[in-house]
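Undergrad: I would like the atomic coordinates for the input below:
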Amino acid sequence: MIEVKLIGTAGWDAAMLALHLPFGKPPKSVDGGINMADEKLLNSLVKAGDDHAKVTRGIVAYLDINAPRYWWAEMDTYRIGRETLASESTMHIQGHGLSEDELVAMKSNLTEGTMQRRIVMFSYQTLRRIYHQRKHHRLPEWRGFCNWLKSLPYSWLITNV
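TA: Have a look, this model is predicted:
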């Protein structure tokens with residue numbers, strides 16, 4: 001089963017500044033918080049679609065995810081707004097003391113269910129796309145990931161329709 005931990009979020013102040021730039025007004029929200037007026041504006045932009053809610057590209061979440069390789073293969077669908085900072089190396093974790101041939105054989109025989117841990121940065125816009133495309137997926141890992149997203153700060157930016 002998938003394990004997800006929040007390392008942190010960033011970009012809130014920059015996103016709030018960008019939110020008001022088209023209107024020539026200063027941001028109302030400061031220090032990582034979102035006030036009611038900004039929340040209302042963000043909500044309307046998010047509901048209007050990705051092209052209107054582009055400020056959510058600047059809000060990022062850093063996640064520590066341990067998931068089976070078959071889940072990571074499907075996560076590769078989401079290349080825009082996702083950056084893998086590091087992944088657990090099967091060579092270093094399972095391949096100590098193996099010859100080159102043994103190492104190649106070991107890596108060739110890894111099962112799709114082998115767990116792999118990665119540190120990944122996602123934009124909130126990408127997390128929104130993932131949530132709405134995968135929340136009812138047949139694989140329980142996707143449903144678990146989507147349910148976990150509800151625990152993020154200002155998760156309504158991701159889950160709101």
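Undergrad: Below-threshold pLDDT in the chain: ranges please.
TA: For the chain, the stretches flagged by pLDDT under 70 are 30, 32, 91-95, 161.
Undergrad: where along it do the strands fall?
TA: Counting by DSSP state E, the chain has strands at residues 3-10, 60-68, 82-87, 115-123.
Undergrad: Make TSV out of those and add distance to Asn109 and mean neighbour count.
TA: The C-beta positions use only the backbone N, C-alpha and C, and glycine is treated the same way. TSV is the format used below for these (distance: least, Cβ to Cβ, whole Å; neighbours: other Cβ atoms under 10 Å):
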stretch	distance to Asn109	mean neighbour count
strand 3-10	24	13
strand 60-68	15	19
strand 82-87	19	13
strand 115-123	15	18
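Undergrad: could these be laid out in TSV, adding distance to Ala53?
TA: Formatted as TSV, these follow (distance: least, Cβ to Cβ, whole Å):
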stretch	distance to Ala53
strand 3-10	16
strand 60-68	14
strand 82-87	17
strand 115-123	11
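Undergrad: Looking at those strands, spot the one closest to Leu98.
TA: Closest to Leu98 of the strands of the chain is strand 115-123 (Cβ to Cβ; 18.3 Å).
Undergrad: And the contacts of the closest one?
TA: 7, 56-69, 72, 81-88, 90, 130 (Cβ atoms under 8 Å, 6 or more residues apart in numbering).
Undergrad: That one relative to strand 82-87, how many degrees between them?
TA: 140 degrees (axes from the mean of the first three to the mean of the last three Cα atoms, to 10 degrees).
Undergrad: Parallel or antiparallel, list what pairs with strand 115-123.
TA: Here strand 115-123 has these sheet partners by DSSP bridges: strand 60-68 (antiparallel), strand 82-87 (antiparallel).
Undergrad: CA atoms of that strand as PDB?
TA: What follows is strand 115-123 as a C-alpha-only set of coordinates in PDB (Å, rounded to 0.1, in the frame of the first residue of the first chain):
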ATOM      1  CA  MET A 115       8.100  -0.700  -3.200                       C
ATOM      2  CA  GLN A 116      10.200   2.400  -4.100                       C
ATOM      3  CA  ARG A 117      10.500   5.600  -2.100                       C
ATOM      4  CA  ARG A 118      10.800   9.000  -3.900                       C
ATOM      5  CA  ILE A 119      10.900  12.600  -2.800                       C
ATOM      6  CA  VAL A 120       8.700  14.500  -5.300                       C
ATOM      7  CA  MET A 121       7.700  18.100  -5.800                       C
ATOM      8  CA  PHE A 122       4.200  18.700  -7.200                       C
ATOM      9  CA  SER A 123       2.400  21.900  -8.200                       C
END
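Undergrad: Thank you, goodbye.
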